[in-house]
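**Student:** Provided below for reference: sequence and predicted model.
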Amino acid sequence: MASGFEVGDHVRWNSEAGHVQGVVVKKHTADVRFKGRTRHCSPDDPQYEIKSDRTDHVAMHKGSALTKARAKDRPGA
């Protein structure tokens, strides 16, 4: 994705449990330890921490796994 995502963007991704939505809480542009594993990130290939809308779960994904959530799919919209 050319433009990527920013903190505060509402996004959607596919997980084992189905589609999940959440808000980007942090954008990583350098390698980072997350849940005991090193996640490889760079300015050209960032990864995003996302807090789920339904739970307190925080996940990390590459931008290629994410899509912007449509306004009608957002909670409270």
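**Tutor:** Looks like it arrived, so ask away. All values derive from a computational prediction rather than experimental measurement. Residues are numbered from 1 along each chain as shown.
**Student:** now G8, what's its secondary structure?
**Tutor:** Secondary structure assignment for G8 (DSSP: H, G, I helix; E, B strand; the rest coil): coil.
**Student:** residue contacts, it?
**Tutor:** Residues near G8 by C-beta atoms under 8 Å, 6 or more residues apart in numbering: 23-24. (Glycine included, C-beta is placed from N, CA and C.)
**Student:** and for R54?
**Tutor:** 20-21.
**Student:** which stretches of the chain have low pLDDT?
**Tutor:** 1-3, 71-77 (pLDDT under 70).
**Student:** please redo it, this time with the cut-off set to 80
**Tutor:** For the chain, applying pLDDT under 80 flags the ranges 1-3, 17, 70-77.
**Student:** all strands of it, in order?
**Tutor:** For the chain, the strands defined by DSSP state E cover 10-15, 18-28, 32-34, 37-39, 47-52, 58-62, 67-68.
**Student:** just those strands: most buried one?
**Tutor:** strand 47-52 (a mean of 20; mean count of other C-beta atoms under 10 Å).
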